[in-house]
Structures are given as C-alpha cells and as structure tokens.
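J.: Sharing a sequence plus its predicted fold:
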Amino acid sequence: MIFPLIQVLVTAVILAYAGYWRRRQSNRRAATWPELVAKLRRNSEFGFDEVATRYLFGEGINATTQDIWSRIDGPKGLWAMYTNAGVFIQLADYASEHGDGVPEELIEGLRSDAFQIRMCVMMALAQHAFSKSSVGASVNAHRAAETYSIMLARITAMFQEHCGLLFPNFVEAM
C-alpha cells in the first residue's frame with residue numbers, strides 16, 4: 001500500500017523539477033545582454049583586480065597562496081568567482097548566438113575553465129569549513145584565481161575579436 005504512494009510522490013517530484021528546470025532554461029535563453037552583464041560581480045568588490053594585475057600577470061612576482069587568500073577576502077572572493085564563472089558562460093553563449101563566428105572550441109574552453117573554477121572553489125570552501133588548517137583552502141583558492149584570470153583574459157579577447165559592440169559594456173562591468 002505504501003510503495004505505490006512513494007512511487008507517485010517520487011514521480012511527481014521528478015516532473016515538478018523537470019518543469020522548473022525547463023522554465024529556468026527558457027528564462028536563461030531569453031535574457032538580454034544588459035541583464036546578463038548586471039549579474040556580474042565587479043572584480044574590485046572582492047579584490048581580484050589587484051590580484052590579477054599585481055600577482056598573476058606581473059613579471060617576477062611570486063604570490064603565496066596565503067597572500068591570494070587574504071587579497072580575495074577568502075570565502076567571499078571565492079563565491080564571487082564561482083558566480084561570475086556561470087555568468088561568463090551565459091555571456092559567451094549570448095556572444096556566440098549574436099556575434100560574428102565565435103569558434104565553438106573557444107566556447108568549450110570557457111566552459112571547461114568555468115567547471116575548473118567551480119570545482120576549485122567548492123574544494124576550497126569545503127576545506128576551509130571542515131579543516132583547522134587553511135593551507136588546502138589557500139592552494140585551491142590560488143588555483144581558482146589563476147584559472148579565473150585565464151578565463152577573464154579569454155572572454156575579453158573573444159569579445160574584442162568577435163563582438164565589438166558588446167565589448168565596452170563588458171569591460172565597464174568588470
């Protein structure tokens with residue numbers, strides 16, 4: 001008697017989630033460029049602009065993992081990178097639909113970067129929350145920051161080359 005009830009409830013939950021997911025995907029596709037750019041968190045909000053110019057791109061400067069952790073404000077900066085990685089993918093998808101011949105390899109590379117950023121951020125946050133030592137979290141934060149800067153450089157170059165009209169709004173948002 002209880003087994004059929006459980007089956008019906010599980011089926012209803014799966015169908016409800018499928019409807020929610022489909023509605024979310026259609027809203028995501030219908031988003032305009034200003035709406036997408038408005039979702040970005042500025043690099044200056046979490047100290048990444050200083051990290052990128054001073055440590056990751058600078059000649060002869062070796063930043064320690066602890067220094068990166070403190071500059072990005074720890075979990076706050078990690079979460080900003082996590083959310084921006086998803087928005088970068090949405091921006092790249094928008095640019096590929098509305099731009100001039102954006103290579104699919106570039107889009108896939110950006111998706112791979114976003115996945116790596118999100119994995120590093122999740123590992124760093126888990127290590128920060130469940131470990132008394134922050135060394136592992138700092139190492140993963142450094143990896144996330146490095147990948148984030150690479151992704152930022154790639155997406156900026158993509159907008160410059162393939163979507164010149166969209167580029168100024170993107171730079172202004174960052």
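T.: It's in.
J.: switch to C-alpha atoms for all contacts and neighbour counts from now on
T.: Noted.
J.: which residues sit against whichever helix or strand Leu91 is part of?
T.: Following DSSP states H and E, the helix or strand that holds Leu91 is helix 75-98. Helix 75-98 has contacts (CA atoms under 8 Å, 6 or more residues apart in numbering) with 33, 36-37, 39-41, 46-48, 72, 102-103, 107, 110-111, 114, 117-118, 121, 125, 141, 144-145, 148, 155, 159, 162-163.
J.: Same check on stretch 150-167?
T.: Against stretch 150-167 from outside (CA under 8 Å, 6+ apart): 88, 92, 95, 98-102, 110, 113-114, 171.
J.: what about it, average pLDDT?
T.: Across stretch 150-167, pLDDT averages out at 78.
J.: quick one: buried residues of the one helix or strand Pro34 maps to?
T.: Following DSSP H and E, one finds Pro34 within helix 33-39. Buried positions in helix 33-39, judged by neighbour count with 16 or more other CA atoms under 10 Å: 36-37.
J.: ok now stretch 78-98, how far from the chain's centre?
T.: On the basis of CA atoms, centre = their mean, to the nearest Å, stretch 78-98 sits 6 Å off its chain's mean C-alpha point.
J.: what does stretch 15-25 give?
T.: With CA atoms, centre = their mean, you get 22 Å for stretch 15-25.
J.: got it, and stretch 125-133?
T.: 21 Å.
J.: any idea of the mean pLDDT in that stretch?
T.: Mean predicted lDDT for stretch 125-133 stands at 84.
J.: Please parse this protein into its domains.
T.: 1-30, 32-173 (automatic domain parsing).
J.: Which members of the contacts of helix 75-98 are classed as buried?
T.: For the contacts of helix 75-98, buried by 16+ other CA under 10 Å: 36-37, 40-41, 46-48, 72, 102, 107, 110-111, 114, 117-118, 121, 125, 141, 144-145, 148, 155, 159, 162-163.
J.: Any stretches of this structure with poor pLDDT?
T.: Applying pLDDT under 70 to the chain flags residues 52-63, 164-169, 171, 173-174.
J.: what are the ranges of the helices in it?
T.: With helices called from DSSP state H, the chain shows them at 2-29, 33-39, 48-51, 65-71, 75-98, 104-130, 135-162, 167-173.
J.: Centroid-nearest residue for the chain?
T.: In the chain, the residue lying closest to the centroid (CA atoms, centre = their mean) is Ala85, at 1.0 Å.
J.: how close does that one sit to Arg154?
T.: Ala85 sits 12 Å away from Arg154 when distances are taken as CA to CA, to the nearest Å.
J.: Over to Val121?
T.: 20 Å.
J.: Counting neighbours, what do you get for Ala129?
T.: Using other CA atoms under 10 Å, Ala129 has 13 neighbouring residues.
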